[in-house]
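Engineer: This is the structure alone, sequence omitted:
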């Protein structure tokens, strides 16, 4: 049964269903897959925040641990990388929506205290305390599908009788758990998590069938930016995945996704504005052609 | 008799919701608002909107522009305008619909007469239509929706025709000077070649005002998108009292 999308609350902000939001990625890591280390330096990271805000980002997603396996980033190090930075961003932008890309409840507590509004758990709830921290802090939470994958591992020979059924089962289960933990339902987001626990075929299929997620009424986050499923589909390295990413962005927006996690804010904003205008949700910025 | 007249362009971009998020040409809109307001202040018994159409005919005064035929969020089934605007009048010439809209926006609720003048109507027939309009009531205000050449540049709707500059300059001069004879004498063939859609409507105005003494103020004259727009308020010398000045001023 399909449920209508409602208002999404993030921090002090409220977003109507037809508003499409750009979540800009700011990684405090030396080794993330896309342009590694570019915002490892705190000054460079703050500069990036200034830039993405100016470019129209609605949410700033700050992460301290790369998704891929590699050098260990323990809780203490993750807090060191992100908490003070969240505080700095909060100080610079009192009204911005700040998201923390973390799966650890100890980190969540620190970043929420520093001003984070949303806990972007890309790893499908491995730490059951995370939802409780979100509830305590009044933060939102992202409920992602990773199949049976553990944090910072790569999917290996994953198979699903029906991948979307598994996505729905896991994300809706996490959403229910978050509600039970006391998280405001208007602050819960679900995410099919492209590439996570999925091969390229799976990621393409969840994109194709995204309407099954949006029909649940939970706001859907698309996290597809420059990922491997785009790279494999087009046979291109990370620095040539923008057009493929934007195609997935447009299709997903059309199918009802509401938040778009992105490296390239301007291009993503343009695509989303085009989709909104095609849908008739927003007017063109300036129309005079054949009207003079 | 004519109590006052106003000239405005018949550009769909005057419809606020059609230009999207940006208020395009606010100064043009303000000028149109101003001259329409002056028409209302002339205390007319009726306001006659004049504009080009496929043929000469009058339209019901309750007719409205079919905005959705140009698009807008209402055409996409979205936005408050969709619900509020209601259906427009099918086939109503754009110039008349835009004039009716200016009157709506000015809050005018009095009688209106919507006069389409055929694009190919002769100057004499156009002037005759104007004379009939001037007799429609004791005090008639004219809202003339008329454009100059649409061929004023390489990016203009009709590309560039070098003759357009001189043509439009002469129209502007005639309007500023209240030179009705010059307006009446505009060559319909040249006007058509230059895509000056307002030719017949100007000549209706010339016929309606006959040889009255005019006090003209041009509030806008420019071609930001390659079409000559002219916004003018035309005051009419009412000396001599209603009905008595017509013959006196005609020599």
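Structural biologist: Ah, there it is. Given the structure is predicted, the values throughout are model-derived calculations rather than measurements.
Engineer: What residues of stretch B:181-198 count as buried?
Structural biologist: B:182, B:183, B:184, B:186, B:188, B:191, B:193, B:194, B:195, B:196, B:197, B:198 (16 or more other C-beta atoms under 10 Å in any protein chain shown). (Glycine included, C-beta is placed from N, CA and C.)
Engineer: ugh, wrong one, stretch B:137-149
Structural biologist: For stretch B:137-149, by 16+ other C-beta under 10 Å, it's B:137, B:139, B:140, B:141, B:142, B:143, B:144, B:145, B:146, B:147, B:148, B:149.
Engineer: Same list (those residues) but as JSON lines, adding pLDDT and secondary structure.
Structural biologist: Compiled in JSON lines, the buried residues of stretch B:137-149 are given as follows (pLDDT from 0 to 100; DSSP: H, G, I helix; E, B strand; the rest coil):
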{"residue": "B:137", "pLDDT": "96", "secondary structure": "coil"}
{"residue": "B:139", "pLDDT": "97", "secondary structure": "coil"}
{"residue": "B:140", "pLDDT": "98", "secondary structure": "strand"}
{"residue": "B:141", "pLDDT": "98", "secondary structure": "strand"}
{"residue": "B:142", "pLDDT": "98", "secondary structure": "strand"}
{"residue": "B:143", "pLDDT": "98", "secondary structure": "strand"}
{"residue": "B:144", "pLDDT": "98", "secondary structure": "strand"}
{"residue": "B:145", "pLDDT": "98", "secondary structure": "strand"}
{"residue": "B:146", "pLDDT": "98", "secondary structure": "coil"}
{"residue": "B:147", "pLDDT": "97", "secondary structure": "coil"}
{"residue": "B:148", "pLDDT": "98", "secondary structure": "coil"}
{"residue": "B:149", "pLDDT": "98", "secondary structure": "coil"}
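Engineer: Around whichever residue of the stretch 51-200 of chain A sits closest to chain B, how many other residues sit close by?
Structural biologist: Proximity of the stretch 51-200 of chain A to chain B (C-beta to the nearest C-beta) peaks at residue A:56, 13.6 Å away. Using other C-beta atoms under 10 Å in any protein chain shown, residue A:56 has 16 other residues around it.
Engineer: go on, the one 5 residues further on?
Structural biologist: Using other C-beta under 10 Å as the criterion, residue A:61 is surrounded by 27 other residues.
Engineer: Find the nearest non-adjacent residue to it, please.
Structural biologist: In this structure, residue A:61 finds its nearest non-sequential neighbour in residue A:99, 4.2 Å apart by C-beta to C-beta, 6 or more residues apart in numbering or on different chains.
Engineer: On the three-state scheme, the one you found is what?
Structural biologist: strand (DSSP: H, G, I helix; E, B strand; the rest coil).
Engineer: got the buried residues of stretch B:181-198 as CSV, with pLDDT columns?
Structural biologist: Listed next are those as CSV, based on pLDDT from 0 to 100:
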residue, pLDDT
B:182, 98
B:183, 98
B:184, 97
B:186, 98
B:188, 98
B:191, 98
B:193, 98
B:194, 98
B:195, 97
B:196, 98
B:197, 97
B:198, 98
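Engineer: any idea which element residue B:173 lies in?
Structural biologist: helix B:163-177 (DSSP states H and E).
Engineer: So which elements touch that helix?
Structural biologist: Under the contact definition 3 or more C-beta pairs under 8 Å, 6 or more residues apart in numbering or on different chains; DSSP states H and E, helix B:163-177 sits against helix B:180-184, helix B:188-193, strand B:214-222, strand B:229-236.
Engineer: Would the last one count as contacting chain A?
Structural biologist: This means strand B:229-236. No: Strand B:229-236 lies out of reach of chain A by C-beta under 8 Å from any C-beta of the partner chain, never closer than 8.6 Å.
Engineer: So in that sheet, which strands flank that strand, and in what orientation?
Structural biologist: Sheet pairing of strand B:229-236 (DSSP bridges) gives strand B:2-8 (antiparallel), strand B:214-222 (antiparallel).
Engineer: Please identify the most buried of the ones you listed.
Structural biologist: Most buried of those, by mean neighbour count (mean count of other C-beta atoms under 10 Å in any protein chain shown): strand B:2-8, with a mean of 27.
Engineer: Name the residues that touch it?
Structural biologist: The contact list for strand B:2-8, computed with C-beta atoms under 8 Å, 6 or more residues apart in numbering or on different chains, reads B:14, B:31-32, B:35-36, B:38-39, B:42-44, B:98-99, B:102, B:133-134, B:139-146, B:175, B:205, B:208-209, B:212, B:230-236, B:238.
Engineer: After that strand, heading C-terminal, what element do we hit next?
Structural biologist: Assigned by DSSP H and E, the successor of strand B:2-8 is helix B:26-41.
Engineer: measure residue A:64 to residue A:176 for me?
Structural biologist: 28 Å (C-beta to C-beta, to the nearest Å).
Engineer: okay, those two: which has more neighbours?
Structural biologist: Between residue A:64 and residue A:176, residue A:64 has the larger neighbour count (other C-beta under 10 Å), namely 23 against 13.
Engineer: Now do the same for that one: its pLDDT.
Structural biologist: Looking at residue A:64, its pLDDT reads 90.
Engineer: Give the full set of residues in contact with it.
Structural biologist: Contact partners of residue A:64, counting by C-beta under 8 Å, 6+ apart, are A:27-29, A:73, A:77-82, A:101-102, A:107.
Engineer: Repeat the analysis, applying 7 Å as the threshold.
Structural biologist: By C-beta atoms under 7 Å, 6 or more residues apart in numbering or on different chains, the contact list for residue A:64 reads A:28, A:29, A:73, A:78, A:81, A:82.
Engineer: try residue A:264
Structural biologist: Going by C-beta under 7 Å, 6+ apart, residue A:264 touches residue A:242.
Engineer: What separation do you get for it and residue A:32?
Structural biologist: Distance, residue A:264 to residue A:32, using C-beta to C-beta: 15 Å.
Engineer: would JSON lines of the strands paired with strand B:229-236 with mean pLDDT be doable?
Structural biologist: As requested, those are exported to JSON lines (pLDDT from 0 to 100):
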{"stretch": "strand B:2-8", "mean pLDDT": "98"}
{"stretch": "strand B:214-222", "mean pLDDT": "97"}
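Engineer: For the ones you listed, give me TSV that also has distance to residue A:188.
Structural biologist: TSV is the format used below for the strands paired with strand B:229-236 (distance: least, C-beta to C-beta, whole Å):
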stretch	distance to residue A:188
strand B:2-8	53
strand B:214-222	54
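Engineer: Just the residues contacting the host helix or strand of residue A:222, thanks.
Structural biologist: Residue A:222 belongs to strand A:221-223 when elements are defined using DSSP H and E. Taking contacts as C-beta under 7 Å, 6+ apart, the residues outside strand A:221-223 that touch it are A:122, A:142, A:189, A:191, A:193, A:194, A:249, A:252, A:257, A:259, A:260, A:261.
Engineer: circling back to that earlier point, partner residues bridging the residue nearest to residue A:61?
Structural biologist: residue A:61, residue A:118.
Engineer: Report the contact partners of residue A:194.
Structural biologist: If you count contacts by C-beta under 7 Å, 6+ apart, then residue A:194 has A:203, A:206, A:223, A:224, A:227, A:229 around it.
Engineer: Could you check which helix or strand contains the nearest residue to the last one once chain neighbours are set aside?
Structural biologist: Taking C-beta to C-beta, 6+ apart, and ignoring the residues beside it in sequence, residue A:229 has residue A:203 as its nearest neighbour in space, at 3.6 Å. Following DSSP H and E, one finds residue A:203 within helix A:200-208.
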